[in-house]
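Trainee: With the sequence up front, the predicted model follows.
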Amino acid sequence: MTCSLSGPARRDWRAPCFLLSAGYGARVIDKAEAASTTSRAQVVNPRALEMLEASGVTTTVLAEARPISSARFYKGWRRLAELDFAEIPSRFAMSVLPQARTEALLAAGLKAHGIEVERKVALESFTEEQNGMQAVLTHRDGHRETTFASYLFVADGAHTVVRDVLHINFSGHAFPEEWPLFDVELNDPLPIDHAHVEFVESGLVFLLCIRPGLWRGFGDVPKPLEHLPSGSRLGEVKWESTFHISDRLADRLVRGRVALAGDGEAARALALGWVGLARLALFHIRSDIEAGRLIPVLQDFNPGD
Ligand SMILES: Cc1cc2nc3c(=O)[nH]c(=O)nc-3n(C[C@H](O)[C@H](O)[C@H](O)COP(=O)(O)OP(=O)(O)OC[C@H]3O[C@@H](n4cnc5c(N)ncnc54)[C@H](O)[C@@H]3O)c2cc1C
């Protein structure tokens, strides 16, 4: 079996890593010129580490990551509550590692299996044939390639056009607030092995130590860095950006031989919460089935994983 994967879908390089560790072939393409050097995500959650374990990438991530043990909540920097991550039922800790590094380690994991991410190669169109998918790819020099794969995993981000082509709804809502974000030098004013959330007049401010002396700060207030704990000494801002939060879910993850990678974790969480039935890839939920947390049903209708 071969699989083409469009868009490395930062978190969803799990799928090719899994396929490769299970002995299948895959091509991974990304229309971006180069790997990203900035990091939106800073935290790798325990579930992602569980899923990457078989590929060996968890070991390399943990060799560089820093565990954090809880999220602490404050008002006027007086602690109100604490969410203990030790209660998460996983062998792995919530771990801090900038997304650019996680992506680099995922790419190295693929390379160890002989797969190089093909950059500046875009999925242009695709059609389902009798035994697989025919896809048209555009390369960096403009030439078009028609290729064939058994399945297409699409992990091309929130603005994917593939979802529209497949008529898959992406319903939910977007919150209007803009969240300013800073990676800034700070004199470690709070314990570095916790995440910190300060409730302020009209929202909240979040602080997380990326590494000693460098912190991620963001909030749904115009100037989050004006709400730091007393004794904080600000240094250089290394990166700043803004983001918005949306709460949306694709109404299905698989259509024919095309799988959307990205919303699977939300669908799994709903199934684990007894909200209903979900169609999920075996690689994603094998351990849940083995542990009896999920039960396969309607297998006669399963078109295959
Ligand atoms: C401020 C912020 C903080 C976050 N913090 C965390 C965190 O701590 N932990 C966490 O787990 N997550 C975090 N996230 C979320 C995480 O960054 C995203 O969930 C993740 O990057 C989304 O991955 P994605 O694959 O869906 O999309 P993207 O990262 O957008 O990747 C899509 C890829 O597809 C490629 N592509 C698009 N179209 C095509 C095409 N036609 N052909 C080929 N390639 C294509 C693009 O070039 C891109 O490389 C955070 C997000 C933000 C904004």
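Mentor: Alright, I've got the coordinates.

Trainee: could you dump the one helix or strand Lys111 maps to to PDB, C-alpha only?
Mentor: Element membership of Lys111, judged by DSSP states H and E, is helix 99-112. Extracted in PDB, the C-alpha atoms of helix 99-112 (Å, rounded to 0.1, in the frame of the first residue of the first chain):
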ATOM      1  CA  GLN A  99       6.700  23.200  17.500                       C
ATOM      2  CA  ALA A 100       9.600  23.800  15.100                       C
ATOM      3  CA  ARG A 101      11.700  21.200  17.100                       C
ATOM      4  CA  THR A 102       8.800  18.800  17.200                       C
ATOM      5  CA  GLU A 103       8.400  19.100  13.500                       C
ATOM      6  CA  ALA A 104      12.200  18.600  12.900                       C
ATOM      7  CA  LEU A 105      12.100  15.400  15.000                       C
ATOM      8  CA  LEU A 106       9.100  14.100  13.200                       C
ATOM      9  CA  ALA A 107      10.900  14.800   9.900                       C
ATOM     10  CA  ALA A 108      14.000  13.000  11.200                       C
ATOM     11  CA  GLY A 109      11.700  10.100  12.200                       C
ATOM     12  CA  LEU A 110      10.400   9.900   8.700                       C
ATOM     13  CA  LYS A 111      13.900  10.100   7.300                       C
ATOM     14  CA  ALA A 112      15.000   7.200   9.500                       C
END
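
Trainee: Let me see the mean pLDDT of it.
Mentor: Taken as a whole, helix 99-112 has an average pLDDT of 92.

Trainee: Which residues outside whatever helix or strand comes next after that helix are in contact with it?
Mentor: Counting by DSSP H and E, the next helix or strand C-terminal to helix 99-112 is strand 118-119. Residues outside strand 118-119 that contact it (CB atoms under 8 Å, 6 or more residues apart in numbering) are Arg27, Val28, Ile29, Asp30, Ala32, Glu33, Ala34, Ala35, Arg140. Every residue, glycine included, has its C-beta placed from N, CA and C.

Trainee: again, only using 6 Å
Mentor: Ile29, Asp30 (CB atoms under 6 Å, 6 or more residues apart in numbering).

Trainee: Show me what secondary structure element comes after it.
Mentor: Assigned by DSSP H and E, the successor of strand 118-119 is strand 122-128.
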